[in-house]
Every structure is written in C-alpha cells, then in structure tokens.
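> What follows is a predicted protein model with its sequence.
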Amino acid sequence: MLKKILYLISICILLSSCSKDTSPASTMRIPTYGNNSKVIQEYIQMKNQNTTAKDIMKFLDKNTDQLSQNEAADIILDVLDILSQSETNYNKKLKEQLFTINKQQIVELDDKALDKEIADNGYYIIAREGLLNVVVNCDFLKSRYTQILSEELKEYLDIKGRYVIDKIIFSSYDKDTIDELAEHIIVIEKYIDNYPLFIKIDEVKSIYEEYVKVYLDNYKTFNTADGKISAKYLESYENIVKKYKDSRLGKVVTDYLNALKVSEYKKTESVNNFISNVGSKIKLEEAKVATPVLKAVVTKKNYEEKRDVGSGLWAVKLNEKWGYIDEKDKEIIPVKYDYTCVHSFSGGQKEIIVKQDGRYGAFDGTGKQLLPCIYSGLKIWNYSIAKGFYSYLFVNEKGDIFSTKGEKIGNSSESSSKDNFMDVVVTFKNGNVIIKKSPEDNKKYFMQDWKGNFLLNNIQEIIRIDVGFVAKVNGKYGAINVDGDISSPFIYESYEIICISPTGVHFDVEFTDSEGKRFDGNGKLISDKEPSTNVSNDVYGK
C-alpha cells in the first residue's frame, strides 16, 4: 500500500456507516448449530434482530470457550455470509458516490487511519485502474479465530480470500501468474476431493470452474498478431498436462489442447464452445446433502478419516464409504454409505441422513434405523431458520412425502412451490413447533415435537396472548403456554380474553365448559364467587 492514499470523504462515511448491515439475517444459509442451547439460543435471538457482522464477532469473542468447534465454525460462516451480502451493497453505494463526487472532497489519509477503518469492518479496499472495490477480508477472520478453526475451514477461507481479490483482477494474468494460477486450481481440486461434504462445497466448485475458464481463456491468451494462442500459454498448458495428467484440470487441458490443434490454435467457434461448456467437462458432482463443518482426523485404526460430530459419535470413512462409531469404537451405523450428514437438535438428539446407491435413509443418534435407503429425494423441512435447526422430509418415486418416522404427511404436488413443505408459525422453548401445511393454507395448523411426532392435529384457530396461545382443536378450545406445553386441555366451548394488569396491557384467558363452569388458562376451576376481570364482554368461540 502506498504511504499516502488519495481518498474520498464520502468513502470514509460509507465505511463508517457500513458496520450496520441492513440485510435480513433470515436470508442466510441454514446453519447446523449443535446442542449448547443457552449460548446458541442467545446467539440466535441476537442474529434474528438484523445483527451486524461486527456484533456477531464480539459475541463470538466473548463466548468462544463455551462453543464447540462446529458451533463456532457455523457462526463464523454466518459472519462471512453477512459480509458477503453487504459487499455488493457497499460497492453499489461506492460507485454512486464516485459519479457525483465534488473534487473538493478529495483529501489525504495516511495508511494507518485507512487500514483501521477497513479492518474494523472486515473488508479490504482494492484500488485498480482508478476504481475502488470493497471486498471481504477472509484473512481477518482466519487470523482472529485461528485457534478454533478446523483445517477444513482455514483452507476454505484461504480459497475464498484469494478469490474475492482475483475476481477483480482476472483480466491481468501474464505468463508467470498463469502458471501460479494453475497450481492454485490444483489446490482447490484437492480441497474438493478432501472435503466433499463441506457445507460450502458448491461455492468452492463454482470458484474452481471460474478459475479453470480464466486459465483457459483471458484477454491475453490469444492476444497475438496472427490471432493464435500465445506461445507462453501453450507452454503452460503442456507443462500442466505433464505434471498433473490424472487431475481433472490435466484432463480438461488435454482435451483443450486437442481442440486447439484442430482449430490451428486459433479462437474459433469450436474453441469458444469448449470454454463455455467447460463445467460439464470438469465433472464435479453436485453436493445434494451438506454436512456441518467437522474437523477431519486420521486415526490409528484402519479408518481413513474420523470426524467428531458430538455426543460421543464419530463419522468414519473407509474405502470411500461412511458410517458411525461410538466412543468405544463400536460401529453403530455400518460403514457402507456413499455419504452421510448428521444434524443435532435441542437436548443432544441427532438425526443422521445416509445415502446409498442414489437412495436416502435415516438413523437416530443411537444407530437405530428410522428409514431404509429407499427414498429417491430429500426436502429440507425448515423448522425455523431463526432458531437455527432444521430437518429433512423424504420423497419417494410417486412424490409422496414422509417424516423420519416413516409417516406419510403429504405429496409434493400438494406442497408449496418453495422448497419447504411446511411453514413454521411458532417455535417453542421445548422444541415443539406449530406449523401450517403450506404458506397459502391459513386454516390448518399442526403441533409437533422436535422428533416430528404430531401432538395436535387439525388446529382450526390460534390466538396469541401474553402467557401463550389459545387454540381451537376439533371444535374445542384449550391453551398452550409459552414453553410449548399444553397447559389446558382442548375441551372447552368458549374462551374470554381477560386483563391481568392494572395498565390493561397484559392478558390471560378464561375458558367456559358445556356446563357453564369457568376455568383459567391452566385448566383450574374458577370459583363462581371469583369475579372475572375481562377487558370487554366479547366472548369468543361458540
């Protein structure tokens, strides 16, 4: 960086205001938090309030010792998501201000002041050809949290960190840097092979494909007097084929050299088509199911890898197949599946998805098989992004949808056009949820526990009050408290909202049965001598 940089006051204002992210947290990827409910629930509540990346980092700094490596990794990825979402907005604002800037607003800032401004917000500013670009500083996250990052996540931050800079300067590769780029592509290729179930693997594959295209064709590749490929680039391709013949890149470059030979080393239509379709030639398998960020460890046993997934369970790999063992090295799920993923729920319960020969099945955390591998597809059932956990629904050839208990709960033709089959209306502290079958159906609600068991069917009405909810089930009224427990049975004919504070802002409920007797929200009989403190005389229900 230069000793002095001409900078704009408006850009300083931009960076100062950029610490507040306006992107909703709900647009982020679905995380896979573990079972540390107290800290995680505190984090989820904070994240649900349009929290800035800076605030999340402060939270992580404060609670690092109380988080598992997986939980910390997911929070770090949340930070990266927020920074990435904001990057586009910042660059847009930056360009808008550059077009309207007054020359008198240009001032000098020394490096330290500028560096601090950038570092505090988790970004770089890259100046190229007179333009300024704001990009996410992945090295900042890596250095700040290096003690709690797995090698898997560290390597991802290296790849991501280089890419956010490279995508700005892709057009300026020369012979020396193009050779180095080829080596970097091989590094990414090895990462894809080493961590096929990493939750961001599809992003890494996309980066890989973009690098390959740039390696095969940028503005200097055919920039010669006769229109043929540069001799330096041709030499680079030939060297890569010799050095990495069996790699994906080596095979693609081999085919590319053949295409160039046919076209007499000119950029013909067939060469353009080859470059445009390079993604299909790379043959990177799409990751259908992603696992949490887990630290891979080579064990002394015959397993190629052993990954701690918490609660005394390890995912193990042998001969390209996956299974699970307990803390005594006892195999509780056979090591025979093409890949697996594990999801943790409140209380430490786990749900393990497996895939074999293109079919999906499920186990619980004890190794008990919940579903055989007979299902052709999966749908993410989003309990609540805000609460940070989710599960899967299974789909057969006919489009029938099943829970992990094997219960048929619908058909894909009946579901919303969105990926989620059900929408969450309420999520309770005990893990119970009230859901509706689809976003368009406001008349049919259900209550389930975290395992997917139906606790209440055919909820026809639901009314929020301070102490919980009043609900109507099969024509009768009852209550659910704030914890998610049924506090009053669904046996009453009507209900009445009552005031429980002198200010008239806190409300409870009274029920009336078929005999005219009154009961409180906990199902306790109210004496006839005890007056009701209802706010109005409006009686709801029958």
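Yep, that arrived. What you see is a predicted model; the values in this text were computed from it and never measured.
> so what does the one helix or strand Gly361 maps to touch, helix or strand wise?
Using DSSP states H and E, the element containing Gly361 is strand 359-364. If you count contacts as 3 or more CB pairs under 8 Å, 6 or more residues apart in numbering; DSSP states H and E, strand 359-364 packs onto strand 350-356, strand 369-375, strand 389-395. C-beta here means a position set from N, CA and C on the backbone, and glycine is covered the same way.
> average pLDDT for the first one?
Along strand 350-356, the predicted local confidence has a mean pLDDT of 81.
> so what does it touch, helix or strand wise?
Helices and strands touching strand 350-356, by 3+ CB pairs under 8 Å, 6+ apart, are strand 331-337, strand 339-344, strand 359-364, strand 369-375, strand 389-395.
> Using PDB, list the CA coordinates for that strand.
The C-alpha trace of strand 350-356 is given here as PDB (Å, rounded to 0.1, in the frame of the first residue of the first chain):
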ATOM      1  CA  LYS A 350     -29.300 -36.400  16.500                       C
ATOM      2  CA  GLU A 351     -30.700 -37.300  13.100                       C
ATOM      3  CA  ILE A 352     -28.400 -39.000  10.600                       C
ATOM      4  CA  ILE A 353     -29.100 -39.000   6.900                       C
ATOM      5  CA  VAL A 354     -27.400 -41.600   4.800                       C
ATOM      6  CA  LYS A 355     -27.300 -42.200   1.000                       C
ATOM      7  CA  GLN A 356     -26.600 -45.500  -0.700                       C
END
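> Name every strand pairing with it and say which way it goes.
Strand 350-356 sits in its sheet next to strand 339-344 (antiparallel), strand 359-364 (antiparallel), going by DSSP bridges.
> now do the second one
Using DSSP bridges, the strands paired with strand 369-375 in its sheet are strand 359-364 (antiparallel).
> Which residue ranges of the stretch 51-200 of the chain form strands?
106-110, 123-128, 131-136 (DSSP state E, counting those that start in this stretch).
> what is the mean pLDDT for the second one?
Predicted confidence along strand 123-128 averages 64 (mean pLDDT).
> What helices and strands are in contact with the host helix or strand of Tyr237?
Using DSSP H and E, Tyr237 falls within helix 231-243. With contacts taken as 3+ CB pairs under 8 Å, 6+ apart, helix 231-243 sits against helix 175-194, helix 248-262.
> report the angle between the axes of it and helix 175-194?
Compare the direction of helix 231-243 with that of helix 175-194 by axes from the mean of the first three to the mean of the last three CA atoms, to 10 degrees and you get 30 degrees.
> what comes up buried for helix 231-243?
Buried positions in helix 231-243, judged by neighbour count with 16 or more other CB atoms under 10 Å: Tyr233, Ser236, Tyr237, Ile240, Val241.
> and what of stretch 453-471?
In stretch 453-471, counting by 16+ other CB under 10 Å, buried: Leu456, Ile459, Ile462, Ile465, Val467, Gly468, Phe469, Val470, Ala471.
> Bridge partners for the last one, pull those for me.
Judged by DSSP bridges, the bridge partners of Ala471 are Ile462, Gly478.
> so it makes contact with Asn458?
No. Using CB atoms under 8 Å, Ala471 is not in contact with Asn458, being 10.4 Å away.
> how about the CA coordinates for stretch 207-220, as CSV?
Provided in CSV are the C-alpha atoms of stretch 207-220 (Å, rounded to 0.1, in the frame of the first residue of the first chain):
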residue,chain,number,x,y,z
ILE,A,207,-14.9,-20.9,-7.8
TYR,A,208,-12.9,-23.8,-9.2
GLU,A,209,-14.9,-23.7,-12.5
GLU,A,210,-14.4,-20.0,-12.9
TYR,A,211,-10.7,-20.3,-12.3
VAL,A,212,-10.5,-23.0,-15.0
LYS,A,213,-12.3,-20.8,-17.5
VAL,A,214,-9.9,-17.9,-16.8
TYR,A,215,-6.9,-20.2,-17.1
LEU,A,216,-8.0,-21.4,-20.5
ASP,A,217,-9.1,-18.0,-21.8
ASN,A,218,-8.4,-14.5,-20.7
TYR,A,219,-7.7,-11.4,-22.8
LYS,A,220,-4.0,-12.3,-23.2
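> got the domain boundaries for the protein?
1-171, 173-294, 296-419, 453-541 (automatic domain parsing).
> For the last one, the averaged confidence score.
So that's domain 453-541. Rounded mean pLDDT across domain 453-541 is 74.
> ok so, going back, convert the C-alpha atoms of the strand holding Gly361 to PDB, please.
Listed next in PDB are the C-alpha coordinates belonging to strand 359-364 (Å, rounded to 0.1, in the frame of the first residue of the first chain):
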ATOM      1  CA  ARG A 359     -31.300 -43.600  -2.300                       C
ATOM      2  CA  TYR A 360     -31.800 -41.800   1.100                       C
ATOM      3  CA  GLY A 361     -32.500 -43.200   4.500                       C
ATOM      4  CA  ALA A 362     -32.200 -42.100   8.200                       C
ATOM      5  CA  PHE A 363     -30.900 -43.200  11.600                       C
ATOM      6  CA  ASP A 364     -31.200 -41.700  15.000                       C
END
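> buried sites along that strand?
Using 16+ other CB under 10 Å as the test for burial, strand 359-364 gives Arg359, Tyr360, Gly361, Ala362, Phe363.
> Next, format those residues as TSV and append pLDDT.
Putting those into TSV (pLDDT from 0 to 100) gives the following:
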residue	pLDDT
Arg359	84
Tyr360	81
Gly361	84
Ala362	84
Phe363	86
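> of these, closest to Gly484?
Nearest to Gly484 among the buried residues of strand 359-364: Ala362, at 24.0 Å, using CB to CB.
> My understanding was that that closest one contacts Lys350; is that so?
No. Using CB under 8 Å, Ala362 is not in contact with Lys350, being 10.6 Å away.
> quick one: average confidence on stretch 85-93?
Mean predicted confidence for stretch 85-93 is 65.
> just to revisit the earlier point, for the buried residues of strand 359-364, which one is nearest Glu493?
When the buried residues of strand 359-364 are compared for distance to Glu493 (CB to CB), Ala362 wins out at 42.1 Å.
> where's that closest one relative to Tyr337, distance?
Relative to Tyr337, Ala362 is positioned 11 Å away (CB to CB, to the nearest Å).
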